[in-house]
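Q: Dropping the sequence and predicted coords here.
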Amino acid sequence: MAALLTLVLLAAVIAVVASPLLRRRSPAAPAAESVDRAELQSAREAKYREIRDAELDYRTGKLSREDYEAVDSSLRAEALSILDGLEALEERKPPARLS
Amino acid sequence: MPELGRACLLLALGVCIYGIGASLYGVRRGRPDFALSGRRSVYALAGILTVAFAVLELAFLRSDFSFNTVADTSSVTTPTFYKAAAVWSSQEGSLLLWAWLLSLWSSLVLFLTRRRLREESAYATAILLGFAGFFDCLMIFYATPFATTNPAPAEGVGLDPLLRHPSMMIHPPMLYSGYTLCIVPLAFGMGALLARKVDAEWIRATRRFALAAWLFLGVGIMLGARWSYSELGWGGYWGWDAVENASLMPWLTGTAFLHSLMIQEKRGMLKVWNVSLVLATGTLAIMGTFLVRSGILSSIHAFGGATLGVPFVTLIGVLIAASIYLVYTRREMLASEHRLDSLLSRESIFLANNVVLVGLCFVIFWGTYFPLISEALTGHSASVGPPWFDRYTVPLALILVLLSGIGPVIAWRRATVANARRNFLAPLGCGLVVLAALLIAGISTGKPLAIAMFCCAAFVLGSVGQEYWRGARLRRASSGEAPPLALFALVRRNRRRYGGYIVHIGMAVLFVGVAASSSFQHASELSLSPGQSTKVGAYTVRYVRPTGTITSKEDAAHTGATMSLGAVLDVSKNGKHVATLTPSEGFYDSGEPAQGSVGHLIGGQAVSHVSMDGGITRDVWSAIAPDISTPRLLRVMSIANKTIPLVRPDEGMIALAVLVREYLKAPPPAQFHLIVSPLVLWIWIGGLIVIGGALIAAWPAPSAIRRRVRVGLRSPEDRRDRAPASPERGLARV
């Protein structure tokens, strides 16, 4: 019984581990562009959060108006450069195939 | 099914070795299929170890004593609840739990990052599998949970009575989850260094796991403290025990990392510091695991006679050497992108907080490992006690609490003096009001540090309260919501910030409990006979009568004690009845026939069962050590041992009933430990608040909030001239 269960487990492990190597191509493996996009999206969300934080700091009286404007301006510039990067990736993306 | 368990361990080792090779080959040769296969190895490992753990758990539940570990730590009479938890009470079972949890958490993080961090996660996969392989090797070559004996004994030794406490079910899994989760950021940190990609992306991807590690470790520490307080007969919740300290150290460096990672996320600063903190936290987690298993330091929490020192020292040596090498060789790419704009900024406060936390960790490290250090230098093992720890940790804790109140009211990047002055008024007022109240109440004499802690905690509550009040007011102004709804929406939309503030409140409350209970505690250890009374603080405690029970199986409290002797204590204040306490001591079967046919039934470990009356203002705590060595009781025992054969346990129980009756008829004086501690409950309440805050901070923000900012930034004027936004435009509603 134990031997049979061990064999079943071994077969399952081989199936799980070896399946990416047996495919002709590896669709599940993220392409470089897809990884870059995910990282830029993550950076964008973080930058948006910073913008919200800075505004909240200003509105709750922790930042003066001058300081807030300077901080917000630089954060927005950083956010826009991330958005530019994302847009560049989108433009490089091949057009979707018509079915 | 021990064969299946052993096969699982061998299979797991094979999977680890393959996965390491596949991941490294995949990332070095640009073969994503191999990298993916390596990641799949982690999933497979989780499956294999789940089967192995299920095999062992089933053996415990079925009382299969052919498994050595089951025979050593369980018995037929052990309650089912404790049988399930007994798996991790042994060295072997806890190693399996460690490896299993590591495989589960590793699978989760690798699944969640499968579309990000391509190179970093491949290296991280190899490192995580390396750790899993190490623990798997320990189970194969040093301490296998599937070792068997044939023929199997009819009965097991039973679970250590001290471990028969409800928190045993959850305390070790929480602590081990914390330790194993500490390995996740370490693996990704090392992966980022190996891939030479040291921006904030790996931090963003693993932040939640660092927070989860911190949370689980914190819960584990709190449960351990609660167990110590309510189960061990010494009346404390923290004794600066080596194993307690070992779990606290990675928690402290983890706390520092959770603060400083924000500086790297926002400013691209402190990269060396952050990666060093992550590596230190992971290494300290391994050192904590090592302390419990090496047998080098004595602790009530350690596995006795453990012999895993050499493999662990080797692993720790490799970890430290690899960490230093990686940080040193990547130092140039770890340079900060910005400098501090102002000393009056949240970054500065976080830096100060980091220095204090790491200082605390260093003090605790030195005190914990001092016996080893002194033995290495002088040949004599000398240890430091709680007063030594208190001397250094109390002032540092005070500074830490104060900083946790300053941080929330200071802005990122720069804060003006005028703003800071305005923001500090209310918190300072709270601190001063508490100071004045304490002075008026006359309880400030002789305890300056406790008073300072109360004032600092009031400062924190004032500072965080002000933040909530201002935020909710803004929310109300923009949405017109009712105050409770505005407060709820505020937290929901800014979870990291306001969840973090809740954690600060929880820590302040917890430290108030610690300061009050340790500084204003009244304790008494004395011998009392029935009818006698004593004063403990403002309370009078009277020994009303003795109690005694025997049980051949499980007693009512599911402690499994063969005999319990205790007392009924009446607690009163100013002549008014306050509570009735019933402390007792359980006597357990030693399983040693040499102690006599009846003597062995109660010759095992005697365990104190604490009784207390807890409340929001104070706890009255009691423990008893009954004296069963009086000539009369010894004579009863001696006659019973001589007349009752070993093979008649039922008659042995009758003899014990006679012993209990004799004890109750003429009870000798019993030794009592009585404590009145103020505000202990607030330690546990503070801990619960911390957990609640951490859960809020860890929860992902609703996508609707992220979309709102995106729409604002994608507006035509932003895209056209990139002009700074007007504060009134309100892109990000509060």
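A: That came through fine.
Q: Listing request: residues of the chain with sub-threshold pLDDT.
A: No chain in the question, so chain A it is. Residues of chain A that meet the criterion pLDDT under 70 lie in A:24-33, A:35, A:92-99.
Q: nope, chain B
A: Checking chain B against pLDDT under 70 turns up B:294-307, B:444, B:552-560, B:649, B:702-734.
Q: Could I get the full set of strands for it?
A: Counting by DSSP state E, chain B has strands at residues B:522-528, B:533-536, B:539-550, B:563-573, B:576-581, B:584-587, B:606-609, B:611-613, B:618-625, B:670-678.
Q: For residue B:267, which of those is the nearest?
A: Closest approach to residue B:267 among the strands of chain B (C-beta to C-beta): strand B:670-678, 43.2 Å. Every residue, glycine included, has its C-beta placed from N, CA and C.
Q: need the strands of chain B in a markdown table with distance to chain A and mean neighbour count, can you?
A: A markdown table is the format used below for those (distance: least, C-beta to the nearest C-beta, whole Å; neighbours: other C-beta atoms under 10 Å in any protein chain shown):
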| stretch | distance to chain A | mean neighbour count |
| --- | --- | --- |
| strand B:522-528 | 44 | 15 |
| strand B:533-536 | 48 | 15 |
| strand B:539-550 | 42 | 19 |
| strand B:563-573 | 42 | 21 |
| strand B:576-581 | 46 | 14 |
| strand B:584-587 | 39 | 24 |
| strand B:606-609 | 38 | 21 |
| strand B:611-613 | 43 | 19 |
| strand B:618-625 | 38 | 24 |
| strand B:670-678 | 35 | 23 |
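Q: Tabulate the ones you listed in a markdown table, adding columns for distance to residue B:354.
A: Putting the strands of chain B into a markdown table (distance: least, C-beta to C-beta, whole Å) gives the following:
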| stretch | distance to residue B:354 |
| --- | --- |
| strand B:522-528 | 37 |
| strand B:533-536 | 42 |
| strand B:539-550 | 43 |
| strand B:563-573 | 46 |
| strand B:576-581 | 45 |
| strand B:584-587 | 46 |
| strand B:606-609 | 41 |
| strand B:611-613 | 38 |
| strand B:618-625 | 35 |
| strand B:670-678 | 32 |
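Q: quick one, which of those strands is nearest to residue B:40?
A: strand B:606-609 (47.3 Å).
Q: and residue B:167, what is it in contact with?
A: B:223-224, B:226-227 (C-beta atoms under 8 Å, 6 or more residues apart in numbering or on different chains).
Q: Looking at these, which is nearest chain A?
A: Lowest distance from chain A to these (C-beta to the nearest C-beta) belongs to residue B:223, with 32.9 Å.
Q: which residues sit in contact with that closest one?
A: Residues near residue B:223 by C-beta under 8 Å, 6+ apart: B:167, B:170-171, B:174.
Q: repeat that for 6 Å
A: Residue B:223 sits next to B:167, B:171 when contact means C-beta atoms under 6 Å, 6 or more residues apart in numbering or on different chains.
Q: repeat for the one 3 residues further on
A: With contacts taken as C-beta under 6 Å, 6+ apart, residue B:226 has the following neighbours: residue B:167.
Q: can you tell me how far it sits from residue B:394?
A: 22 Å (C-beta to C-beta, to the nearest Å).
Q: same check, this time on residue B:82
A: Taking C-beta to C-beta, one finds residue B:82 at 37 Å from residue B:394.
Q: now swap in residue B:537 and tell me
A: Distance from residue B:537 to residue B:394, by C-beta to C-beta: 22 Å.
Q: Over to residue B:563?
A: With the distance defined as C-beta to C-beta, residue B:563 ends up 42 Å from residue B:394.
Q: ok, now residue B:403?
A: From residue B:403 to residue B:394 the distance is 15 Å (C-beta to C-beta).
Q: Could you check which of those two is surrounded by more residues?
A: Using other C-beta atoms under 10 Å in any protein chain shown, the more surrounded residue of residue B:403 and residue B:394 is residue B:403, with 21 against 18.
Q: The more buried one touches residue B:351, doesn't it?
A: No - shown here, residue B:403 and residue B:351 do not form a contact pair, counting by C-beta atoms under 6 Å, at 10.0 Å.
Q: quick one: contacts for the residue nearest to the spatial centre of chain A?
A: Among the residues of chain A, residue A:38 comes closest to the average C-alpha position under C-alpha atoms, centre = their mean, at 2.2 Å. Applying C-beta under 6 Å, 6+ apart, one finds that residue A:38 lies in contact with B:115-116.
Q: which element is it on?
A: helix A:32-59 (DSSP states H and E).
Q: Can you give me the buried ones in that helix?
A: Across helix A:32-59, burial judged by 16 or more other C-beta atoms under 10 Å in any protein chain shown covers A:35-40, A:42-59.
Q: Ok, stretch B:166-178 next?
A: In stretch B:166-178, counting by 16+ other C-beta under 10 Å, buried: B:166-168, B:171-178.
Q: So which bits of the stretch 201-350 of chain B are right by chain A?
A: Where the stretch 201-350 of chain B comes near chain A, counting by C-beta under 6 Å from any C-beta of the partner chain, the residues are B:201, B:204, B:265-266.
Q: of all the residues you listed, which comes closest to residue B:154?
A: Comparing these against residue B:154 with C-beta to C-beta places residue B:204 closest, at 57.0 Å.
Q: My read is that the closest one contacts residue A:42, right?
A: Yes - using C-beta under 6 Å, residue B:204 makes contact with residue A:42 at a distance of 5.3 Å.
Q: how close does the residue nearest to residue B:395 when sequence neighbours are not counted sit to residue B:334?
A: In this structure, residue B:395 finds its nearest non-sequential neighbour in residue B:449, 7.5 Å apart by C-beta to C-beta, 6 or more residues apart in numbering or on different chains. Distance from residue B:449 to residue B:334, counting by C-beta to C-beta: 39 Å.
Q: quick one: the residue nearest to residue B:395 from residue B:82, how far?
A: Relative to residue B:82, residue B:449 is positioned 40 Å away (C-beta to C-beta).
Q: Which of these two has more residues huddled nearby?
A: Comparing residue B:449 with residue B:82 by other C-beta under 10 Å, the one with more neighbours is residue B:82, at 26 against 15.
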